[in-house]
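**Q** What follows is a predicted structure for the sequence shown.
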Amino acid sequence: MRNRVVLAVLLSGLFLFSFDWPVSRVLITATFGESRGDHFHSGIDLAGEEQKITPVSPGKLVFRYDEGSSYSSVPVGLGSFVVLEDKTGIRSIYGHIKKRTIPTDKKSFQKNDVIGIMGNTGYSIGRHLHLTIIDHREKTILNPLTVYKNEAKVIKDRVPPVIEELYYKNSVGELTVLQSNAVVDTEKLLLYLRGYDLMGNTDIRVAPLDIKVVHNEMKIIDIRFNALQFKEGVYRLNSCGKSFSDIYTPGESFSDLLCLGEVGLVNGKNTLTISLTDFYGNTTSREVDVWVGSPR
Amino acid sequence: MQRLFQKKSRKGRMGLFILALPFLIVYFLLFARPLGKETRIQSEWLINLDNPEKDGQGMVAASDKDRIYPFSMGQEPGDYFGYFRGDGKPVLVKKIAEEGKIPYRVTISRQGFIYYPLTYSDLVFYDRTGAQKRIYHKTGPGFPFLSRDGNRFFMIKTDLSGLKELDNNGSVLWHADVPSWISSISYNRKNIICGSGDGTVSLFDTEGNLLSSFSLQKSDIDCIYGTALSAENDVFAGISGAGPQYLFVGKINGQEKPLSELIRLDSDFRREVRMRFSHDGSLLFFEGNRAINIYNLRSKRLTTISLPGDVRALAYADSTNTLTVVGGQNNVYEIMVVKPENTVLFKDYFSGQKIFLYTEDRRIFLGVDHQLIRLDVLEE
């Protein structure tokens, strides 16, 4: 609860500032919180043609790595990347920048200064910019979409998220489709969802912003991909405290199968309402009745 | 040898090299240059990587009794990597390729190498002859990273948020996340020091247990810009923060606050800094502003030796107490051999783009673009 209050204050503060998009033509191809096999996708991906990258907010250079020309003691999946910090302590990370387009002599970047050119360096299968936003003072990685107060003007998305299927783990641990009026032999239902959001009228599948589960009119699960914090040695979502391995199956990148958590059922009829909401407020819901014992 | 200094011309500097070329050839090939009364540098052999089987050199088989050295000249398409023997015989010479528009990289150790695409795939471990030895399935989407001796095998998460160590069969021994992105790593047989972009330093043991975690928070910008861990005695060091930048030194000793020294620097790096210890941890070598810094942990004395640009490579031979540094800019470099803390035994210039440097005893193995050369430090 305390974390949510802190985050609410934090976000309300952020909205006082104006953040610019780092590229002029915005095409979002991946969102915050998606699976990347062993970690949450900690930012958004912006794809498209070669474009100049400019700061989301003017700031000082924190770190620079230029693939092929700079030294690194570790292999760098971000490719050529730049980290800036603005005067409020907000850090922005720009990844997969084209090689040798990062200025080598600049230590501060103003509004329209070029950080580099959108590229395809590092762990990348196509030209794009990976953007991560970190509140360094609060040690919190933010969903970048939450810092753009005018994003709806840039992207018109009226397409609601998609729920493909609901599953539960049966008594022998198998993933089983959860049909409405299903009869289950357990009072602890481990609930899974296969679902995604579509970015506007494209067929690009991204993570939704929010997943809620209501059991018999009581909200019991709320997974909101709004922010991550490093706690007890792992990254956890601020909204629910869940880690990557709590939600996704490790090893499966770009998976849209999510473990929502355990639902405590009651004997007899249980009504579950699962709803997905995207960043633009479009919502999809599905209601299923689940019976413990024989249906009347 | 001659071609080492005939590598692609660089505008504005080439004239100088053309003039200097005959002298340099004579210098390295024909004469061993006297250095004072006691020390001289002598070239022993050269391998032309463009055609290692030409010039009578031929590729040779590697046997366990041979001293085999790994080399890697870069990670871009066309860059060379492989193995050579100390007597100048190439064992394996390969080039980084871009296959089907997917770039590849290599991580190489004394025992073998992993040549991998920048996509999620099974990883193949090859031995020193290039023969496939093992396939690692489902190691995760990270990038592999072998220690130089080949005894440690790490995977680094693609967003740099964590790492894991695997055994030879590819089973995960331990894994750990770090706050913010990994900005620098150093390791020895027992421990690993991991610097993060938020200024945190994390020390892990061989089982991934967090021994200590700290941050200085004394600068305008929090970030770790370099780390080093000695092979023996578990002495560690790092560069922290910008505005101002600090050198910290400590020892892994089971205490929560293992730091022993903090030195304010005049540098302002915003990238990873090259740094390393002597084997016993008594000397620390790290980049300065167009210079190499040598810090003597016993006398607490910091010595700075100027270079014509950034440090591109550094190597230290414990048995002879000689530091070799390559530094420069715009593809013009100076190679300098130093007897710490401040006696320059030898220095000279060369041009090139891709650099490899390794030293062992009196031998300096220098790679420049498409050539490998051995220089011996002789004391008479």
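**A** Ah, there it is.
**Q** element containing B:Ile193?
**A** Mapping B:Ile193 onto the secondary structure by DSSP states H and E places it in strand B:191-196.
**Q** ok, which stretches of the stretch 201-350 of chain B are strands?
**A** Counting by DSSP state E, counting those that start in this stretch, one finds strands in the stretch 201-350 of chain B at the ranges B:210-215, B:221-229, B:235-242, B:245-251, B:259-265, B:275-277, B:283-288, B:291-296, B:301-306, B:310-317, B:322-329, B:332-339, B:343-351.
**Q** The strand holding B:Ile193 and chain A, any residue contact?
**A** No. When contact is scored as Cβ under 8 Å from any Cβ of the partner chain, no part of strand B:191-196 falls within range of chain A; the minimum is 8.9 Å. From N, CA and C alone the C-beta is placed, and that goes for glycine too.
**Q** buried sites along that strand?
**A** By neighbour count with 16 or more other Cβ atoms under 10 Å in any protein chain shown, strand B:191-196 contains the buried residues B:Asn191, B:Ile192, B:Ile193, B:Cys194, B:Gly195, B:Ser196.
**Q** Go through the residues you listed and say which is closest to B:Thr119.
**A** The closest of the buried residues of strand B:191-196 to B:Thr119 turns out to be B:Cys194 (Cβ to Cβ; 25.3 Å).
**Q** wouldn't the closest one be in contact with B:Glu165 here?
**A** No. B:Cys194 lies out of contact with B:Glu165 (Cβ atoms under 8 Å); the separation is 11.8 Å.
**Q** of all of chain B, which residue lies closest to chain A?
**A** Scanning chain B for the residue nearest chain A gives B:Thr158, at 2.9 Å (criterion: Cβ to the nearest Cβ).
**Q** what about the closest residue to that residue other than its chain neighbours, neighbour count?
**A** With sequence-adjacent residues excluded and distances taken as Cβ to Cβ, 6 or more residues apart in numbering or on different chains, B:Thr158 is closest to A:Gly77, at 2.9 Å. Counted by other Cβ atoms under 10 Å in any protein chain shown, the residues lying close to A:Gly77 total 25.
**Q** Equivalent analysis for A:Arg205, please.
**A** The number of residues packed around A:Arg205, counting by other Cβ under 10 Å, is 18.
**Q** Same question for A:Pro208.
**A** By other Cβ under 10 Å, the residues close to A:Pro208 number 29.
**Q** Against A:Asp222, how distant is it?
**A** Remark: distance between A:Pro208 and A:Asp222 (Cβ to Cβ, to the nearest Å) = 12 Å.
**Q** So is stretch B:282-291 next to chain A?
**A** No. Figure legend: stretch B:282-291 not in contact with chain A (Cβ under 8 Å from any Cβ); closest approach 9.2 Å.
**Q** tell me which residues of that stretch are tucked away?
**A** Applying a neighbour-count criterion of 16+ other Cβ under 10 Å, the buried positions in stretch B:282-291 are B:Ser282, B:Leu283, B:Leu284, B:Phe285, B:Phe286, B:Glu287, B:Gly288, B:Arg290, B:Ala291.
**Q** of all those residues, which two lie farthest apart?
**A** Across the buried residues of stretch B:282-291, the two members that end up farthest from each other (Cβ to Cβ) are B:Ser282 and B:Arg290, 25.5 Å apart.
**Q** Does the residue nearest to B:Thr158 touch B:Asp159 like I think?
**A** Yes. The pair formed by A:Gly77 and B:Asp159 meets the contact definition of Cβ under 8 Å, at 6.1 Å.
**Q** For the nearest residue to B:Gly86 once chain neighbours are set aside, report the pLDDT, please.
**A** Sequence neighbours aside, B:Arg67 is the residue nearest to B:Gly86 in space, at 4.7 Å (criterion: Cβ to Cβ, 6+ apart). At B:Arg67, the model reports a pLDDT of 86.
**Q** And for B:Leu24?
**A** Among the per-residue scores, B:Leu24 holds a pLDDT of 48.
**Q** now A:Asp135
**A** We have a pLDDT of 97 for A:Asp135.
**Q** Burial check on it, number of neighbours?
**A** 21.
**Q** mind listing what the residue nearest to B:Asp280 when sequence neighbours are not counted touches?
**A** The shortest distance from B:Asp280 to any residue that is not its chain neighbour, by Cβ to Cβ, 6+ apart, is 5.2 Å, and that residue is B:Glu232. The neighbours of B:Glu232, taking Cβ atoms under 8 Å, 6 or more residues apart in numbering or on different chains as the test, are B:Asn188, B:His279, B:Asp280, B:Gly281.
**Q** Report the separation between B:Glu232 and A:Gly241.
**A** Spatial separation of B:Glu232 from A:Gly241 under the definition Cβ to Cβ is 42 Å.
**Q** Next: B:Thr129.
**A** B:Thr129 sits 51 Å away from A:Gly241 when distances are taken as Cβ to Cβ.
**Q** low pLDDT regions in the stretch 251-380 of chain B?
**A** Along the stretch 251-380 of chain B, no part satisfies pLDDT under 70.
**Q** shaky segments in the stretch 51-200 of chain B?
**A** Under the criterion pLDDT under 70, the flagged ranges of the stretch 51-200 of chain B are B:54-59, B:61-66, B:99-100.
**Q** For it, what lies in contact range of chain A?
**A** B:74-76, B:105, B:107, B:118-120, B:138, B:140-145, B:156-163, B:176-186, B:197-198.
**Q** Buried among those? Make that a ChimeraX selection.
**A** This is how ChimeraX selects the buried members of these, with burial counted by 16+ other Cβ under 10 Å:
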select /B:74,75,76,105,107,118,120,140,141,142,143,144,145,156,157,158,159,160,161,162,163,176,177,178,179,180,181,182,183,184,185,186,197,198
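**Q** What pLDDT does the model give the most centrally placed residue in chain A?
**A** Averaging the C-alpha coordinates of chain A gives a centre point, and the residue nearest to it by Cα atoms, centre = their mean is A:Phe32 (1.8 Å). pLDDT, the model's per-residue confidence, is 96 for A:Phe32.
**Q** With B:Leu30 instead?
**A** The predicted local distance difference test score for B:Leu30 is 47.
**Q** With B:Ile18 instead?
**A** Per-residue confidence at B:Ile18 stands at 51 (pLDDT).
**Q** just to revisit the earlier point, can you say which of the contacts of B:Glu232 are buried?
**A** Buried by 16+ other Cβ under 10 Å: B:Asn188, B:Gly281, out of those.
**Q** now A:Tyr235, nearest residue through space, not along the chain?
**A** Once flanking residues are discounted, A:Tyr235 sits nearest to A:Leu228: 4.8 Å by Cβ to Cβ, 6+ apart.
**Q** just A:Gly43 next, same as before
**A** Using Cβ to Cβ, 6+ apart, the nearest residue to A:Gly43 is A:Thr132, at 3.6 Å.
**Q** do A:Phe254 as well
**A** The spatially closest residue to A:Phe254, leaving aside those adjacent along the chain, is A:Ser35, at 6.3 Å (Cβ to Cβ, 6+ apart).
**Q** Help me confirm that that neighbour comes into contact with A:Asp246.
**A** No. Contact criterion Cβ under 8 Å: A:Ser35 and A:Asp246 do not qualify, at 11.9 Å.
**Q** so what's in contact with those two at the same time?
**A** Residues touching both A:Ser35 and A:Asp246 (Cβ under 8 Å, 6+ apart): none.
**Q** neighbour-wise, which of the two wins?
**A** Neighbours of A:Ser35 and A:Asp246, each counted by other Cβ under 10 Å, are more numerous for A:Ser35; the result is 23 against 16.
**Q** thinking again about what came up before, out of the residues of the stretch 51-200 of chain B next to chain A, which are inside strands?
**A** In strands, judged by DSSP state E, the following of these are found: B:105, B:107, B:143-145, B:156, B:162-163, B:176-177, B:182-186.
**Q** Go through stretch B:195-212 and flag the buried ones.
**A** Taking 16+ other Cβ under 10 Å as the neighbour-count basis, stretch B:195-212 is seen to contain the buried residues B:195-204, B:208, B:211-212.
**Q** Tabulate the buried residues of strand B:191-196 (CSV), appending distance to B:Ile305.
**A** As requested, the buried residues of strand B:191-196 are arranged in CSV below (distance: Cβ to Cβ, whole Å):
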residue, distance to B:Ile305
B:Asn191, 30
B:Ile192, 30
B:Ile193, 25
B:Cys194, 29
B:Gly195, 25
B:Ser196, 30
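**Q** That concludes my questions; thank you for your assistance.
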